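# Here is the input, now give the coordinates:
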Amino acid sequence: MIRAARGLAVAVALAVALLLPAIASGQQAALPQGEPEPGQVLEDPDFGVRTDQFGLDRRVEMLQWQREPDGGYRQVWSSGLVDSTGFDKGYENVPGVPLESRRWWAEGATLDGKPLDLSVLKTLGQWQEFRPPFSRLPANLAATFQPEGNGLASSDNPLEPRIGDLRIRWRELQLPPLAGRVELVDGAWQVSAGAENAALNARPLPPVATVDGSALPDLRLRILLGGGVFLLLVVLVVVVRRLRR
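Numbering: from 1, shown residues only. A predicted model of the protein is given here:
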């Protein structure tokens, strides 16, 4: 009987030893451990502007005439073409914007060595305007544009721009802390349901989730833990019955 009890005790210890690593590994997978990496340097090939963040945005605006409801006109900076058909003489706009706005994404971004889905960047990323050094500006564009504010302008005098002048600004995409806002699905990080709903409803992002010993954030871990506890209870019942014989 003593030998049987010892054997069952060894079985209990072995079950615990096998269960705990699985729980620990699953808990680590539930939340990201490190910082996201963009995986590449993004560059605007036309102007040589670079960023090591997760997105690069070039916004091109042209000074154009816009007709007001009262029939008057005013000058506006617009990234889209303002149709001047029917405008009074002297208020015609340039027929097209000679340079387009563009956007680049860090498609090789990773977190803890696993890919970050593009939806994470688009949903959780925050655009911040920055001033590039313009050290890689091609000579032909350097002859056309000059620094103005955080970007470039084609105006001879940026303080007195004329209709048809361009101004360009750049923004880079930064990511907030991702713990509690992403989840690992099929080997890639995806936006969690709570973070996605908050973004769609323009609410603040949900607070970063914390993990303690009393609450496991992943349903699969709870199932695994429950199954392990059930197994231990079965073994203990068998031990007690054997000892009573």
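# any idea whether Asn197 is helix, strand or coil?
Here Asn197 is helix, with the state taken from DSSP: H, G, I helix; E, B strand; the rest coil.
# and stretch 172-190, how far apart are its ends?
21 Å (C-alpha to C-alpha, to the nearest Å).
# residue boundaries of the helices in this structure?
Using DSSP state H, the helices of the chain run over 2-30, 118-124, 139-142, 193-200, 219-244.
# if I look at Arg136, how far off is Gly48?
3 Å (C-beta to C-beta, to the nearest Å). For the C-beta atoms, the positions are set from N, CA and C on the backbone; glycine is no exception.
# Is Arg103 bridged to anything, and to what?
Following DSSP bridges, Arg103 is listed with bridge partners Asp57.
# Is it correct that it is in contact with Phe54?
No: Arg103 sits out of contact with Phe54 when judged by C-beta atoms under 8 Å, with a separation of 11.6 Å.
# Which one's more surrounded, those two?
Neighbour count, other C-beta atoms under 10 Å: between Arg103 and Phe54, Phe54 has more, with 28 against 14.
# for that one, what are its contacts?
Shown in contact with Phe54 (C-beta atoms under 8 Å, 6 or more residues apart in numbering): Pro36, Pro38, Trp105, Ala106, Ala109, Leu121, Gly125, Glu172, Leu173, Gln174, Leu175.
# Against Gln66, how distant is it?
To Gln66, Phe54 is 34 Å away according to C-beta to C-beta.
# And stretch 81-89, what's buried?
Neighbour-count burial for stretch 81-89, counted by 16 or more other C-beta atoms under 10 Å, picks out Ser84.
# According to the record, where do the domains of this structure fall?
Here the domain parsing of the chain from automatic domain parsing is 1-31+211-245, 34-113+123-178.
# what's the first-to-last distance across stretch 80-98?
Stretch 80-98 end-to-end distance (C-alpha to C-alpha) = 11 Å.
# Surely Val82 is in contact with Gln64?
Yes: Val82 lies in contact with Gln64 (C-beta under 8 Å); the separation is 4.3 Å.
# and for the two, which residues touch both?
Common contacts of Val82 and Gln64 (C-beta under 8 Å, 6+ apart): Val76, Asn93.
# what about the closest residue to Arg169 other than its chain neighbours, distance to Pro133?
In space, Arg169 comes closest to Gly151 once its chain neighbours are excluded; the distance is 4.2 Å by C-beta to C-beta, 6 or more residues apart in numbering. Using C-beta to C-beta, one gets 12 Å for the distance from Gly151 to Pro133.
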